[in-house]
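Asks: Make a model of this:
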Amino acid sequence: MSTDDKNEPKLDSDLEINEDQIIADPEELRDEAQEKKNELEELNQQYLRLAADFENYKKRMTKERADSIAYGNEELIKEMLDVLDNLDRALEHAEHQEDAKPLVEGVKIVQKQFLNTLEKFGVQAIDASKGSEFDPMMHQAIEHAESSEISPGHVLLEMLTGYTLKDRLLRPALVVVAKDSSKPETR
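Replies: Here you go, the predicted structure:
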């Protein structure tokens, strides 16, 4: 090759083509870019789902922790209700004795203090007074009795006081429910 040959343009057949110098097909580039975009979108969706799951987990743990604090002493309180029942029975029995008035007054003071302490922790007695409407969510009927003074479906007698802890039922009230005295009993 002479110096004149250097200035002459090379023909296509004379050019050496390196693979790195090949320009890719624009359609292939678009397809590849779309694939990368789809992959990125899928990863982003996975991230968002994971973040939402984590937020739900945090909320669930916060609620469980709050419930644990609010209801953590539920079993203790249930056991203490038996003590309260025995206080009630002692009072009921002692009220029929004339010479037991000082004892009755002392037990009444203890009972009132005990109830006030339970109320501080969210324990409430369930209303099962005579004439109140029977609520199967709060009352447990242990008997049905005829009554002309109380309308059917209402509490005739409370046998055992029921209690709630905040919004949870600790123990239903055991009650006798009035039934219609005019209807014959069917078995």
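
Asks: any idea how far L76 is from D85?
Replies: Per CB to CB, to the nearest Å, L76 is found 15 Å from D85. (C-beta placed from N, C-alpha, C; glycine too.)

Asks: cool, and T62?
Replies: Counting by CB to CB, the gap from T62 to D85 is 36 Å.

Asks: Can you pick out the residue with more neighbours from those two?
Replies: A direct count of neighbours by other CB atoms under 10 Å for T62 and D85 places D85 higher, at 13 against 10.

Asks: So that one lies in a strand, does it not?
Replies: No: D85 is assigned helix when assessed by DSSP: H, G, I helix; E, B strand; the rest coil, not a strand.

Asks: And it, how far from A125?
Replies: Distance from D85 to A125, by CB to CB: 12 Å.

Asks: Report the set of residues contacting both of the two.
Replies: T161 (CB atoms under 8 Å, 6 or more residues apart in numbering).

Asks: number of nearby residues for K59?
Replies: Look at K59: counted by other CB under 10 Å, it has 10 neighbours.

Asks: secondary structure class for it?
Replies: The three-state label given to K59 by three-state DSSP is helix.

Asks: how close does it sit to A125?
Replies: Using CB to CB, we find K59 at a distance of 33 Å from A125.

Asks: Compute the number of surrounding residues for E35.
Replies: For E35, using other CB under 10 Å, the count is 10.

Asks: So what sits opposite T164 in the bridge?
Replies: Counting by DSSP bridges, T164 is bridged to Q124, L169.

Asks: Which of the residues in stretch 128-143 are classified as buried?
Replies: Buried residues in stretch 128-143, counting neighbours by 16 or more other CB atoms under 10 Å, are found at A128, S132, F134, M138, H139, Q140, A141.
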